[in-house]
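> turn this into a model:
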Amino acid sequence: MEKPANMFAGWPDAGTEGPSFFWQGNDTLKVPRSMHQLTRQSVVKNLLAAGAQESGFAFVQGGVSTCRHDSDHEDVFRQESSFHYLFGVAEPDCFGGLVLGTGESVLFVPKLPE
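Model (predicted):
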């Protein structure tokens with residue numbers, strides 16, 4: 001089974017109906033987006049329990065894209081595991097943030113080429 005056309009980087013396109021999940025196609029598992037949200041909530045709870053202030057903000061860097069030996073060849077990218085577990089994002093060069101007082105999350109995505 002191939003990845004459906006309405007998928008982008010493991011996420012259903014915005015107009016897709018049904019539950020939201022991360023999926024790499026074929027025989028891989030469909031991971032509900034709610035899992036990432038629960039993980040972020042757990043991290044915020046643990047940070048606060050460890051003494052972080054509610055006015056704090058946790059800033060997390062995702063995996064960085066690289067070129068081999070300063071050439072135009074890009075290495076195969078694999079997202080940093082903890083970042084993927086928190087945000088479910090497969091694209092390189094992203095950052096994420098967690099607002100400790102509210103538990104809200106923010107995803108910073110670089111401008112992607114059109």
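> residue 23 - nearest residue in space that isn't next to it in sequence?
Leaving aside its chain neighbours, residue 23 sits nearest to residue 30 (4.6 Å; criterion: C-beta to C-beta, 6 or more residues apart in numbering). Yep, even glycine has a C-beta here, placed from its N, CA and C like the rest.
> burial of residue 44, as a residue count?
Neighbourhood size, residue 44 [other C-beta atoms under 10 Å]: 22.
> touching, it and residue 103? I think so.
Yes. In this structure, residue 44 is within contact of residue 103 by C-beta atoms under 8 Å, at 5.0 Å.
> could you list the residues in contact with stretch 40-59?
86, 87, 95, 96, 97, 98, 99, 100, 101, 103, 105 (C-beta atoms under 8 Å, 6 or more residues apart in numbering).
> go again with 6 Å.
With contact meaning C-beta atoms under 6 Å, 6 or more residues apart in numbering, stretch 40-59 is reached by 86, 97, 98, 99, 100, 101, 103, 105.
> among those, which are in strands?
Residues of the contacts of stretch 40-59 located in strands (DSSP state E): 97, 98, 99, 105.
> remind me, longest helix of this structure?
Across the chain, the helix with the greatest residue count (assigned by DSSP state H) is helix 33-49.
> any idea how far that helix is from the chain center?
Centre-to-centre, helix 33-49 and its host chain are 13 Å apart (C-alpha atoms, centre = their mean, to the nearest Å).
> what's the answer for stretch 77-89, then?
Remark: stretch 77-89 is offset 5 Å from the chain centroid, using C-alpha atoms, centre = their mean.
> drop anything exposed from the ones in strands among the contacts of stretch 40-59.
Among the ones in strands among the contacts of stretch 40-59, those classed as buried by 16 or more other C-beta atoms under 10 Å are 98, 105.
> buried stuff in the longest helix of the chain?
Using 16+ other C-beta under 10 Å as the test for burial, helix 33-49 gives 36, 40, 43, 44, 47.
> out of these, flag the one nearest to residue 62.
Proximity of the buried residues of helix 33-49 to residue 62 (C-beta to C-beta) peaks at residue 36, which lies at 12.9 Å.
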